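Asks: below are the sequence and a predicted model for it; my questions follow.
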Amino acid sequence: MSEQPAAADLLALYDEALPQVYGYLLSRCGQRALAEDLTAETFLAAVDTVRRDRPVSIPWLVGVARHKLVDHWRRQAREERGLSAVGRQDETDPWDGVLDAVTAREVLGRLGPHHRLALTLRYLDGLPVPEVAQLLDRTLHATEALLVRARAAFRRAYGSPHEGPGEGGPR
């Protein structure tokens, strides 16, 4: 039967793609356990796809991984909305400074999942705003507004490493 060659091809692809898929997820979420879980979900989707006689490639796997991460952050955002209401404020101050990559990753991790997701898709993945809107199931204008709020939240959190009120400003 054709299942054995397909399984062998998938195993070979797994060996080649695992570092790329896991690395992609870890660099976006910064949490090993979460990256491992989402990587496993990604490869389970690949098994299901191969069983339906459809091709699987590394770019396809990375795309599935992106969707798995988006789904995770959506679930997390729903849970947080269920626990508390989030106040939103817009800031229009220009942001002109060089971000330290490590600090920026830590700040991104402190943001709410909806802001983290929007900023990750737009700036880390480099997706255009219309594609981000499509992935988030939002209109273009709602996505642009979300990005404005997310950038403002990032700026506030970047200036306040402990998230406490009145603790902002450079150290």
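Replies: Sure, I can see it. Residues are numbered from 1 along each chain as shown.

Asks: all contacts plus neighbour counts: C-alpha atoms, from now on.
Replies: Noted.

Asks: who's in contact with the helix-or-strand element of the chain with minimal mean pLDDT?
Replies: Between all helices and strands in the chain, the lowest mean by mean pLDDT, DSSP states H and E belongs to helix 101-110, at a mean of 82. Identification of contacts with helix 101-110 by C-alpha atoms under 8 Å, 6 or more residues apart in numbering yields Cys29, Gly30, Arg116, Phe154, Ala157, Tyr158, Pro161.

Asks: the helix or strand where the fourth one lies - contacts with which helices or strands?
Replies: Here Phe154 sits within helix 140-159, counting by DSSP states H and E. The contact analysis (3 or more C-alpha pairs under 8 Å, 6 or more residues apart in numbering; DSSP states H and E) places helix 140-159 against helix 101-110, helix 113-119, helix 129-136.

Asks: mind listing what's buried in that helix?
Replies: If you call a residue buried by 16 or more other C-alpha atoms under 10 Å, then helix 140-159 has these buried ones: 140, 143-144, 146-159.

Asks: His72: which of the helices and strands packed on helix 140-159 is closest?
Replies: With respect to His72, and counting by C-alpha to C-alpha, the nearest of those is helix 113-119 at 8.9 Å.

Asks: re the thing from before, least confident pick among the contacts of helix 101-110?
Replies: Within the contacts of helix 101-110, pLDDT reaches its minimum at Pro161, with 55.
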